[in-house]
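S.K.: heads up, no residue letters with this:
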């Protein structure tokens, strides 16, 4: 019999965590209150006089003939050997009408035919020249500086080139205390956390990546499996959310199985094992990019999201490329809804033809055809709601029709 999760998953029912912040202890309530200042003490203001420095006398300007004036031109590019680690920190844009026009004129040069076809080592490109896209979403949003249309193509090509750096090996044989079912139960529970706290989907995918990365390098016991999952969600929330949940919230949903010191210690261990690199290429980001380029409607995109999220519990997809996972989920949704095709636009922006990821499509489709287990119904129930267009109820297709 496969080992279950400790306490709060199988042996004890999971507590309702619809509003954990109301039941959990707040950090402010447990802290010491500041004493008010005494009103009997009167403080006389001290007047400080500063002497202004003397202003130097301005030298009279002398006119020089135009023939003797030398103009020194500044270099067009400044090469800096020190990497810039600081960013804008959320500053508001100060672009005016003149700056916007300059942005449009500069970005229009990047959208000439063939100008965006970059090549980097390690990127899986279509052999031969890419077909011309039927719809170029980056050209349509070129006038909007907040869409980063001039850099979107290169950003996702860079993410594809980084997939080899974050590749996860087949580790389940090296974990004697953990089975594939135990991992599936953990991912199902992490989806419950994401839904209850209303976290971003990117947070969920990043948390699952952190769990697989940690398990592929460190041998753990079954008693610490839930602690690893909760801490991974905490790290991902700090990385991706504007207002992440507190540690007390995660201690509450674990039903008091762990202490605060254990969570913070596991947080340090996960970050050290991941080498503090959290910029994983996520399949969910690739899916949103491909759907946006093809202008896919929301019901069809939601079906692809269900397919991709449902296969998070499937251990056989751990070693797959995330860009191919996003493409395979979208292609399988096309076949299930019979509404779209993998056209030149998707070939251009994804860099894949159907034959490049059809083996991944078969794995995803086989995962959907498996008989659902009663303990792994969170994702299926989530996407059976009207808010998600009840996409989990759409009939499946066979591999012969793919």
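M.R.: Sure, I can see it. No experiment lies behind these values; they were computed from the predicted model shown. Numbering: from 1, shown residues only.

S.K.: Please identify the helix or strand for the closest residue to residue 258 other than its chain neighbours.
M.R.: Nearest residue to residue 258 in three dimensions, chain neighbours excluded: residue 227, at 5.3 Å (Cβ to Cβ, 6 or more residues apart in numbering). Heads up, the C-betas are built off the backbone N, CA and C, glycines and all. Using DSSP states H and E, residue 227 sits within helix 225-240.

S.K.: same thing with residue 362?
M.R.: Assigned by DSSP H and E, residue 362 falls in helix 354-369.

S.K.: which residues touch that helix?
M.R.: Here helix 354-369 makes contact (Cβ atoms under 8 Å, 6 or more residues apart in numbering) with 124, 126, 307, 310-311, 314, 316-317, 320-321, 324-325, 327-329, 331-332, 342, 396-399, 402.

S.K.: Emit the PyMOL select command for whichever of those are buried.
M.R.: Buried members of those can be picked out in PyMOL with the line below, counting by 16 or more other Cβ atoms under 10 Å:
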select buried, resi 307+310+311+314+317+320+321+324+325+327+328+329+331+332+342+397+402
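
S.K.: What number of residues are in the vicinity of residue 241?
M.R.: Using other Cβ atoms under 10 Å, residue 241 has 15 neighbouring residues.

S.K.: For it, grab phi and psi.
M.R.: phi -90, psi 150 (degrees, to the nearest 10).

S.K.: right, and the helix or strand after the strand or helix carrying residue 331?
M.R.: In the assignment (DSSP H and E), residue 331 maps to helix 322-337. Heading C-terminal from helix 322-337, the first helix or strand you meet, by DSSP H and E, is helix 344-350.

S.K.: buried sites along that next one?
M.R.: 345, 346, 347, 348, 349, 350.

S.K.: contacting residues around the fifth one?
M.R.: Contacts of residue 349 were listed using Cβ under 8 Å, 6+ apart, and they are 133, 137, 153, 156, 289, 290, 293.

S.K.: Let's have the residues you listed in a markdown table, adding secondary structure.
M.R.: Below are these laid out as a markdown table (DSSP: H, G, I helix; E, B strand; the rest coil):
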| residue | secondary structure |
| --- | --- |
| 133 | coil |
| 137 | helix |
| 153 | helix |
| 156 | helix |
| 289 | helix |
| 290 | helix |
| 293 | helix |
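
S.K.: Among those residues, which one has the most neighbours?
M.R.: Result: residue 290 is most packed of the contacts of residue 349 (other Cβ under 10 Å), 25 neighbours.

S.K.: Okay, angle between the strand or helix carrying residue 205 and helix 322-337 too, please.
M.R.: Using DSSP H and E, residue 205 maps to helix 201-215. Going by axes from the mean of the first three to the mean of the last three Cα atoms, to 10 degrees, helix 201-215 is angled at 130 degrees with respect to helix 322-337.

S.K.: Start at 294, not 1
M.R.: Yes, from this point I'll number from 294; that puts the last item at helix 494-508.

S.K.: Need the residues that contact helix 494-508.
M.R.: 459, 461, 464, 468, 471, 476, 479-480, 483-484, 487, 513, 521-522, 525-526, 528-530, 532-534, 562-563, 566-567, 571, 573, 575-578, 598, 602, 605, 611.

S.K.: What's the PyMOL line that selects buried ones from these?
M.R.: Entered in PyMOL, the line below selects the buried ones among the contacts of helix 494-508, by 16+ other Cβ under 10 Å:
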select buried, resi 459+464+468+471+476+479+480+483+484+487+521+522+525+526+528+529+530+532+533+563+567+573+575+576+577+578+598+602+605+611
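
S.K.: Can you give me the neighbour number for residue 676?
M.R.: Neighbours of residue 676 using other Cβ under 10 Å come to 22.

S.K.: How much space separates it from residue 598?
M.R.: Separation of residue 676 from residue 598 (Cβ to Cβ, to the nearest Å): 8 Å.

S.K.: other SSEs contacting the following helix or strand past the helix holding residue 520?
M.R.: Per DSSP H and E, helix 518-533 leads on to helix 540-546 as the next helix or strand towards the C-terminus. Packing contacts for helix 540-546, counted by 3 or more Cβ pairs under 8 Å, 6 or more residues apart in numbering; DSSP states H and E, involve helix 313-316, helix 518-533, helix 553-566.

S.K.: what's the average pLDDT for helix 540-546?
M.R.: For helix 540-546, mean pLDDT rounds to 95.

S.K.: And for stretch 464-473?
M.R.: 94.

S.K.: Report pLDDT for residue 484.
M.R.: Reported pLDDT for residue 484: 97.

S.K.: no wait, residue 610
M.R.: At residue 610, pLDDT is 96.

S.K.: Spatially nearest residue to it (excluding sequence neighbours)?
M.R.: That would be residue 604: by Cβ to Cβ, 6+ apart, it lies 5.0 Å from residue 610.

S.K.: Which of the buried residues of helix 637-643 lies at the shortest distance from residue 554?
M.R.: residue 643 (45.4 Å; Cβ to Cβ).

S.K.: tell me the contacts of that closest one?
M.R.: By Cβ under 8 Å, 6+ apart, the contact list for residue 643 reads 579, 583, 616, 620.

S.K.: Would you mind giving the domain segments of the protein?
M.R.: 465-566, 576-694 (automatic domain parsing).
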